[in-house]
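Novice: my questions are about this predicted structure, shown below with the sequence.
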Amino acid sequence: VQLQASGGGTVQAGGSLRLSCAASIRNFSRYSMGWFRQAPGKEREFVAGINWGRGDLRYADSVKGRFTISRDNAKNTVYLQMNSLKPEDTAVYYCNVLPRGLGQPPGDHWGQGTLVTVSS
(Lines give C-alpha, C1' and ligand atoms only; values in the text may rest on other atoms or scores of the structure.)
Protein backbone atom coordinates (compact mmCIF):
# COMPACT_ATOMS: atom_id res chain seq x y z
CA VAL A 1 0.00 0.00 0.00
CA GLN A 2 1.35 3.39 -1.02
CA LEU A 3 -0.43 6.62 -0.15
CA GLN A 4 0.89 9.93 -1.40
CA ALA A 5 -0.86 13.12 -0.32
CA SER A 6 -0.17 16.40 -2.10
CA GLY A 7 -1.57 19.88 -2.58
CA GLY A 8 -0.71 21.43 0.75
CA GLY A 9 0.73 24.89 1.17
CA THR A 10 0.38 28.18 2.97
CA VAL A 11 -2.82 30.14 2.63
CA GLN A 12 -4.45 33.05 4.42
CA ALA A 13 -7.51 32.54 6.57
CA GLY A 14 -10.61 32.34 4.41
CA GLY A 15 -8.70 30.83 1.52
CA SER A 16 -9.01 27.44 -0.18
CA LEU A 17 -6.84 24.46 -1.00
CA ARG A 18 -7.48 21.16 -2.73
CA LEU A 19 -5.60 18.12 -1.51
CA SER A 20 -5.10 14.97 -3.54
CA CYS A 21 -4.10 11.50 -2.45
CA ALA A 22 -2.86 8.94 -4.94
CA ALA A 23 -3.33 5.44 -3.61
CA SER A 24 -1.55 2.37 -4.90
CA ILE A 25 -4.13 -0.09 -3.61
CA ARG A 26 -5.40 -3.15 -5.34
CA ASN A 27 -9.14 -2.88 -5.89
CA PHE A 28 -9.12 0.75 -4.73
CA SER A 29 -12.76 1.24 -5.72
CA ARG A 30 -13.86 -1.35 -3.16
CA TYR A 31 -12.50 0.55 -0.17
CA SER A 32 -13.73 3.45 1.86
CA MET A 33 -11.12 6.18 2.19
CA GLY A 34 -10.50 8.88 4.74
CA TRP A 35 -8.59 12.07 5.37
CA PHE A 36 -6.94 12.68 8.71
CA ARG A 37 -4.80 15.47 10.12
CA GLN A 38 -2.28 16.00 12.86
CA ALA A 39 -1.63 19.45 14.26
CA PRO A 40 1.57 20.23 16.17
CA GLY A 41 1.43 18.76 19.65
CA LYS A 42 -1.88 17.01 19.02
CA GLU A 43 -3.01 13.52 18.15
CA ARG A 44 -4.04 12.58 14.66
CA GLU A 45 -7.76 13.09 14.08
CA PHE A 46 -10.37 12.11 11.54
CA VAL A 47 -11.37 14.82 9.08
CA ALA A 48 -13.54 13.24 6.38
CA GLY A 49 -14.46 9.88 4.93
CA ILE A 50 -16.07 8.54 1.78
CA ASN A 51 -17.36 5.05 1.15
CA TRP A 52 -16.49 2.97 -1.88
CA GLY A 53 -19.65 3.92 -3.74
CA ARG A 54 -19.31 7.66 -2.96
CA GLY A 55 -22.84 7.69 -1.62
CA ASP A 56 -21.91 8.03 2.05
CA LEU A 57 -19.80 10.97 3.21
CA ARG A 58 -18.82 11.81 6.76
CA TYR A 59 -17.10 14.81 8.27
CA ALA A 60 -15.70 15.94 11.57
CA ASP A 61 -17.90 18.61 13.11
CA SER A 62 -15.06 21.09 12.88
CA VAL A 63 -14.99 20.96 9.06
CA LYS A 64 -18.64 20.39 8.13
CA GLY A 65 -19.84 22.87 5.56
CA ARG A 66 -16.29 23.90 4.66
CA PHE A 67 -14.56 20.72 3.45
CA THR A 68 -15.71 18.30 0.75
CA ILE A 69 -14.29 14.82 0.16
CA SER A 70 -14.55 13.12 -3.22
CA ARG A 71 -12.89 10.33 -5.15
CA ASP A 72 -12.06 9.28 -8.68
CA ASN A 73 -11.89 5.51 -8.77
CA ALA A 74 -10.52 5.52 -12.30
CA LYS A 75 -7.48 7.44 -11.04
CA ASN A 76 -7.18 5.72 -7.64
CA THR A 77 -7.32 9.17 -6.11
CA VAL A 78 -9.22 10.78 -3.27
CA TYR A 79 -9.56 14.56 -2.89
CA LEU A 80 -10.27 17.02 -0.12
CA GLN A 81 -11.55 20.44 -1.12
CA MET A 82 -10.99 22.83 1.75
CA ASN A 83 -12.75 26.20 1.76
CA SER A 84 -13.01 28.97 4.34
CA LEU A 85 -9.81 27.79 5.95
CA LYS A 86 -9.06 28.77 9.53
CA PRO A 87 -5.77 28.94 11.42
CA GLU A 88 -6.91 25.94 13.47
CA ASP A 89 -6.93 23.88 10.26
CA THR A 90 -3.13 24.07 10.24
CA ALA A 91 -1.82 20.50 10.29
CA VAL A 92 -0.21 17.73 8.30
CA TYR A 93 -2.94 16.02 6.31
CA TYR A 94 -2.90 12.31 5.51
CA CYS A 95 -5.15 9.95 3.64
CA ASN A 96 -5.69 6.34 4.52
CA VAL A 97 -7.75 3.32 3.72
CA LEU A 98 -10.72 2.49 5.92
CA PRO A 99 -10.61 -1.27 5.44
CA ARG A 100 -13.63 -1.95 7.65
CA GLY A 101 -15.68 0.95 6.31
CA LEU A 102 -16.66 4.41 7.44
CA GLY A 103 -16.50 5.00 11.15
CA GLN A 104 -13.97 2.23 11.63
CA PRO A 105 -10.22 2.53 12.32
CA PRO A 106 -7.92 3.32 9.40
CA GLY A 107 -5.28 0.98 8.04
CA ASP A 108 -1.94 0.59 9.76
CA HIS A 109 0.13 2.15 7.02
CA TRP A 110 0.44 5.93 6.90
CA GLY A 111 1.96 7.41 3.80
CA GLN A 112 3.57 10.79 3.45
CA GLY A 113 1.29 13.63 4.45
CA THR A 114 1.04 17.16 3.12
CA LEU A 115 1.41 20.26 5.26
CA VAL A 116 -1.33 22.87 5.33
CA THR A 117 -0.56 26.16 7.03
CA VAL A 118 -3.28 28.77 7.48
CA SER A 119 -2.16 32.22 8.51
CA SER A 120 -4.40 34.68 10.29
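Specialist: Ah, there it is.

Novice: quick one: low-confidence parts of the protein?
Specialist: The chain contains residues with pLDDT under 70 at 54.

Novice: let's see 80
Specialist: 53-54 (pLDDT under 80).

Novice: tally up the residues packed near the nearest residue to N83 once chain neighbours are set aside, please.
Specialist: Excluding its sequence neighbours, the residue lying closest to N83 (Cβ to Cβ, 6 or more residues apart in numbering) is S16, at 4.7 Å. For every residue, glycine as well, the C-beta is placed using N, CA and C. S16 has 11 neighbouring residues, counting by other Cβ atoms under 10 Å.

Novice: any idea how far S16 is from V1?
Specialist: Counting by Cβ to Cβ, to the nearest Å, the gap between S16 and V1 amounts to 29 Å.

Novice: repeat that for A39.
Specialist: As defined by Cβ to Cβ, A39 lies at a distance of 25 Å from V1.

Novice: ditto for A22
Specialist: If you go by Cβ to Cβ, the gap between A22 and V1 works out to 12 Å.

Novice: comparing those two, which shows the higher neighbour count?
Specialist: Of the pair A22 and V1, A22 is the one with more neighbours under other Cβ under 10 Å, namely 17 against 14.

Novice: okay, and that one sits in which element?
Specialist: A22 is part of strand 17-24, with elements assigned from DSSP states H and E.

Novice: if you count neighbours, what's buried in that strand?
Specialist: 17, 19-23 (16 or more other Cβ atoms under 10 Å).

Novice: out of these, what pair is the most spread apart?
Specialist: L17 and A23 (19.2 Å; Cβ to Cβ).

Novice: doesn't R30 make contact with N73?
Specialist: No - taking contacts as Cβ atoms under 8 Å, N73 lies outside contact range of R30: 9.1 Å.

Novice: neighbour-wise, which of those two wins?
Specialist: Between N73 and R30, N73 has the larger neighbour count (other Cβ under 10 Å), namely 15 against 11.

Novice: ok, and the closest non-adjacent residue to that one?
Specialist: S29 (3.9 Å).

Novice: for P99, same thing?
Specialist: Using Cβ to Cβ, 6+ apart, the closest residue to P99 is G107 (5.5 Å).

Novice: list the residues that contact the one you found.
Specialist: For G107, the set of contacting residues under the criterion of Cβ atoms under 8 Å, 6 or more residues apart in numbering consists of 1, 96-99.
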